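> I would like the atomic coordinates for the input below:
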Amino acid sequence: MTDRHAGYIVTLAEDVREDDAEAILSALRMVKGVLSVEPIVASPHDLHIATQRVRQEWRGKILDLLDEMP
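Numbers count the residues shown, from 1 in each chain. Below is the predicted model of the structure:
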């Protein structure tokens, strides 16, 4: 038996102004089976948290690579 998808989270490459986003929202609403499309308003706090987490992850990976060097 396979899993069933209830929804998807789509992440934009960069923030889009609300007045420029209508075409994107309309396109997503046209996808078969889409019940609703709700934009997520960008928050400086959320962006800061996500950025710091990614930076920490990359720091760890770089340190791991350096440890593996002869």
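> could you pull up the mean pLDDT of the longest helix along the chain?
Among the segments of the chain that qualify as a helix by DSSP state H, the longest is helix 44-68. Mean pLDDT, helix 44-68: 91.
> buried stuff in it?
In terms of neighbour count (16 or more other CB atoms under 10 Å), helix 44-68 has no buried residues at all. (C-beta placed from N, C-alpha, C; glycine too.)
> going forward, count from 37.
With the count now opening at 37, the last piece we talked about shows up as helix 80-104.
> give me the contacts around that helix.
Contacting residues not belonging to helix 80-104 are not present [CB atoms under 8 Å, 6 or more residues apart in numbering].
> centre of the chain to it, how far?
Mean C-alpha position of helix 80-104 versus that of the full chain (CA atoms, centre = their mean, to the nearest Å) differs by 16 Å.
> before we move on, what about stretch 92-106?
25 Å.
> try stretch 44-57
Taking mean C-alpha positions (CA atoms, centre = their mean), stretch 44-57 and its chain are 9 Å apart.
> and that stretch, how far apart are its ends?
18 Å (CA to CA, to the nearest Å).
> avg pLDDT for that stretch?
Mean predicted confidence for stretch 44-57 is 89.
> buried sites along it?
Of the residues in stretch 44-57, none is buried (16+ other CB under 10 Å).
> who touches it?
60, 64, 75, 78.
> quick check: closest non-adjacent residue to the last one.
Distances taken as CB to CB, 6 or more residues apart in numbering put residue 51 closest to residue 78, at 4.7 Å, once the chain neighbours are dropped.
> quick check on residue 73: phi, psi?
phi -130, psi 120 (degrees, to the nearest 10).
> ok, and the closest non-adjacent residue to it?
residue 64 is the one closest to residue 73 (CB to CB, 6+ apart), at 4.6 Å.
> report the separation between the residue nearest to residue 78 and residue 43.
According to CB to CB, to the nearest Å, residue 51 and residue 43 sit 21 Å apart.
> ok, back up a step: would you turn the contacts of stretch 44-57 into TSV with distance to residue 103 and neighbour count?
Supplementary listing: these in TSV, determined by distance: CB to CB, whole Å; neighbours: other CB atoms under 10 Å:
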residue	distance to residue 103	neighbour count
60	43	14
64	43	14
75	42	12
78	37	12
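> nothing else from me, thank you.
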